[in-house]
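[1] from the sequence below, what's the structure:
(one chain, ligands or ions: 1)
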Amino acid sequence: MTEAPGGVQVVRTPEALRAVRQGLGPVGFVPTMGYLHEGHAALIRRARQENALAVVSIFVNPMQFGPTDDLARYPRDLDRDLRVCAEAGAQVVFTPDAGVMYPPGFSTQVSLTGVSEPLDGAARPGHFTGVATVVLKLLNLVQPDRAYFGEKDWQQLAVIRRMVADLNVPVQVVGVPTVRADSGLALSSRNSYLGTEQQARATVLSRALRAVQAAYAAGERDTARLEQAGLDVLATDPEVQPDYLAVVPPDLQRQPTVTPDPLNRVLVAARMFGVRLIDNLPLDPADPVPAALPPGGPA
Ligand code: AMP
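    Numbering: from 1, shown residues only. Below you'll find the model as predicted:
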């Protein structure tokens, strides 16, 4: 165990983690892949506010990257991350090596049906199996009372809520609203691949989502026509290669028409300048995500 500037304890093994975890009050946990930004900081601050101990993990999980994904070039800067963690109030950072998480002989996968299948599940085969497997491992290692995930990754949040409910994992999953730049661009570690001008162009994603919200507010309830309102905005920039733009109910299974539900969502994934970006918004901006979700969450 080492102590980084700001008093954060850095632990690299399950044994060291168990030692710092023991005997303390409620633990809030924020799993991340590092290269932290204000979105991550919002999760960490929330974890610190609601718990005695805030634990952050920084682990670029090879299992959730496909063969053509950006694992090798995924941005990393541990020193900077530790400063962000300290400033946001984290007391412990768990940053294991891949060999600690996946030692030789590792053979288990957590794979979900249903909520993990459409959208990113279809676009990135195996991705959510990698996410669910590492998140369950991290939850077992940290044993938090609460775990904090961003609404930015809406489908991931739904997958984790489903897994936690299905497998009786004793943790409360907390969703945290997406933090955006003033331009509307959702903050993401992957934005660092883009220059300033490219980031300005990438606001087309959130503008497309808002166009769908506007169509819904104007009374449109046909899913395809709602989606077309967003696709029309994406089409204004020839750089955009959409993976999907979808209006979905809480279980993420697209329906021909929209039935009112506060967890209805519009999600987009698109490639721009060689970078895959995702974003989502509530279909009706007047719908806050309910603080208390039904058992098993939105999925
Ligand atoms: P990542 O490091 O990208 O795996 O993200 C770690 C956690 O931070 C996930 O729960 C994300 O949903 C969350 N997160 C990422 N970007 C944002 C953002 N802009 N606002 C809120 N949460 C975010």
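
[2] pLDDT value on the residue of the stretch 51-200 of the chain found nearest the ligand, please?
    Evaluated by Cβ to the nearest ligand atom, the stretch 51-200 of the chain has residue 150 as its residue closest to the ligand, separated by 2.3 Å. To be clear about C-beta, it is placed using only N, CA and C from the backbone, and glycine gets the same treatment. What the model reports as pLDDT for residue 150 is 98.

[3] now it: phi and psi?
    Main-chain dihedrals, residue 150, degrees, to the nearest 10: phi -80, psi 140.

[4] do the same with the one 10 residues further on
    Dihedral angles phi and psi of residue 160 (degrees, to the nearest 10) take the values phi -70, psi -40.

[5] test my guess that it contacts residue 149.
    Yes: in terms of Cβ atoms under 8 Å, residue 160 counts as a neighbour of residue 149; the distance is 6.0 Å.

[6] higher neighbour count, those two?
    With neighbours defined as other Cβ atoms under 10 Å, residue 160 and residue 149 compare such that residue 160 has more, 28 against 23.

[7] ok, back up a step: now do the shared contacts for residue 160 and residue 149.
    Taking Cβ atoms under 8 Å, 6 or more residues apart in numbering as the criterion, residue 160 and residue 149 both touch residue 173.

[8] was I right about the residue of the stretch 51-200 of the chain closest to the ligand contacting residue 46?
    No: taking Cβ under 8 Å as the definition, residue 150 is not a contact partner of residue 46, at 10.4 Å.

[9] residue numbers of the stretch 1-150 of the chain in contact with the ligand?
    32, 33, 39, 40, 42, 43, 149, 150 (Cβ under 6 Å from any ligand atom).

[10] filter the residues you listed down to the ones in helices?
    If you go by DSSP state H, those have 39, 40, 42, 43 in helices.

[11] so what pLDDT did the spatially closest residue to residue 116 that is not a sequence neighbour get?
    For residue 116, the nearest residue in space outside its immediate sequence neighbours is residue 128; the separation is 3.9 Å by Cβ to Cβ, 6 or more residues apart in numbering. Per-residue confidence at residue 128 stands at 98 (pLDDT).
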